[in-house]
Structures are given as C-alpha cells and as structure tokens.
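Student: Below are the sequence and a predicted model; questions follow.
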Amino acid sequence: MKFPGPALGLFELESLARGVVVADALVKQAAVRIAIAEPVSPGKYLLVFSGPVAEVDESFREGVAVAGKVLIDQLYLPQVSLALVRGLEGELARGGDDAIGIVETHTVASALLAADTALKSAQVVLIQLQLAKGIGGKGWFTVAGAQHDVEAALERAAAAISPSLLVTTELIQRPHVDLRGAVLKG
C-alpha cells in the first residue's frame with residue numbers, strides 16, 4: 001500500500017456494508033487514494049486513505065456525512081509523520097538498544113494519532129505497528145531510541161489521546177537481545 005500525500009484520513013465503522021459505500025464516496029469526492037479498506041476484528045470496517053491535504057479534507061468531510069451513525073472513530077492528520085507513513089507501508093526501522101517504548105490503545109485511530117505524536121515529538125524510530133487484525137480492533141506500536149527520548153515520546157503519545165482510549169504505555173530499558181526477532185520485529 002502506498003500513501004501518496006502528506007495527509008491521512010481514517011474511519012472505523014461498525015457496518016461492513018456501509019464501509020464500502022463510504023470508500024466509494026471518498027474517491028468520488030476528491031483525488032485521494034485508499035490504502036486500507038477491509039473488515040477487521042471485532043466486526044468493524046477499517047478505511048484509511050491519503051492524498052494532498054485539501055483533497056483528504058474534502059473526502060474526510062464527505063466520509064463523515066455518508067458514514068452517519070455507523071461511524072465509530074475517525075482521524076484526520078493533515079501533516080502526517082513520514083515515519084508513520086513508512087510504517088503503514090510496512091517499512092519499519094531497526095531500533096537502538098537503549099530503550100523501547102510500547103503504546104497500546106483501544107482503537108486504530110487512537111494508535112495512529114499517538115504514534116504520529118510520538119514520532120514528531122522525540123528522536124525515536126518506529127519499530128513495530130499493529131492495527132486491529134487479530135487483536136480485537138486495538139492498535140499498538142513500539143518505538144526505540146535513547147531512554148530520555150523514548151520516555152518523552154511515551155508521555156506525549158499518551159497525552160495526545162483520550163485517557164479512555166489508552167490501554168497502557170510501557171518502557172523497556174536496555175532490552176535483551178533475544179527480545180528482538182522473537183517478540184519485536186524491529
């Protein structure tokens with residue numbers, strides 16, 4: 001999947017059928033590209049799209065209107081972090097050995113907002129990103145870097161989302177070498 005612009009939009013809908021209708025409305029409204037459009041657990045439809053800021057904004061507003069009452073969560077990031085875009089495309093970084101931070105949220109939208117904030121607020125790299133599939137619709141990500149940067153990223157990520165959407169943040173100081181590969185992908 002490729003994200004052709006600096007803006008990102010996301011919808012989580014409770015209706016799979018309406019998710020397809022919303023996807024159609026988005027691409028008819030403005031020049032955006034759908035990157036993810038699929039059912040995810042638990043019975044939700046995830047729709048992620050991107051493009052130039054003005055087009056994503058226009059399609060986002062149309063999507064909200066078309067989704068109506070089945071819209072569970074939404075996110076509009078007009079200047080999304082390039083590291084997050086690369087992570088969504090499957091290009092994750094190799095982290096340092098000083099510290100790893102983990103953020104777990106109840107929704108995909110809150111995970112992406114927290115990750116975007118973390119990556120923009122400290123010198124950390126994204127080493128893992130998992131969204132919805134196989135984890136009950138949750139989202140979680142890991143960042144790595146110097147311990148003080150990871151601590152700052154975790155603090156800002158947690159502050160960026162509603163406390164009710166945050167499951168937890170965790171810090172691992174000097175992670176054991178066997179953690180990588182076996183547990184963490186980065």
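Tutor: Nice, thanks for sending it over.

Student: ok, V143 - contacts?
Tutor: Contact analysis of V143 by Cβ atoms under 8 Å, 6 or more residues apart in numbering lists 95, 100-101, 103, 115, 118-119, 124-127, 150, 153-154. (Each C-beta comes from the backbone N, C-alpha and C, glycine too.)

Student: cool, and E62?
Tutor: Contact analysis of E62 by Cβ under 8 Å, 6+ apart lists 25-26, 29-30.

Student: JSON lines please, covering these and showing neighbour count, distance to V53 and secondary structure.
Tutor: Formatted as JSON lines, the contacts of E62 follow (neighbours: other Cβ atoms under 10 Å; distance: Cβ to Cβ, whole Å; DSSP: H, G, I helix; E, B strand; the rest coil):
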{"residue": "A25", "neighbour count": "15", "distance to V53": "19", "secondary structure": "helix"}
{"residue": "L26", "neighbour count": "26", "distance to V53": "15", "secondary structure": "helix"}
{"residue": "Q29", "neighbour count": "17", "distance to V53": "14", "secondary structure": "helix"}
{"residue": "A30", "neighbour count": "18", "distance to V53": "11", "secondary structure": "coil"}
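
Student: Now flag whichever of those residues is closest to L75.
Tutor: Of all those, L26 has the smallest distance to L75: 13.9 Å, by Cβ to Cβ.

Student: nearest residue to the closest one other than its sequence neighbours?
Tutor: In space, and not counting its chain neighbours, L26 is closest to S59: 4.3 Å by Cβ to Cβ, 6 or more residues apart in numbering.
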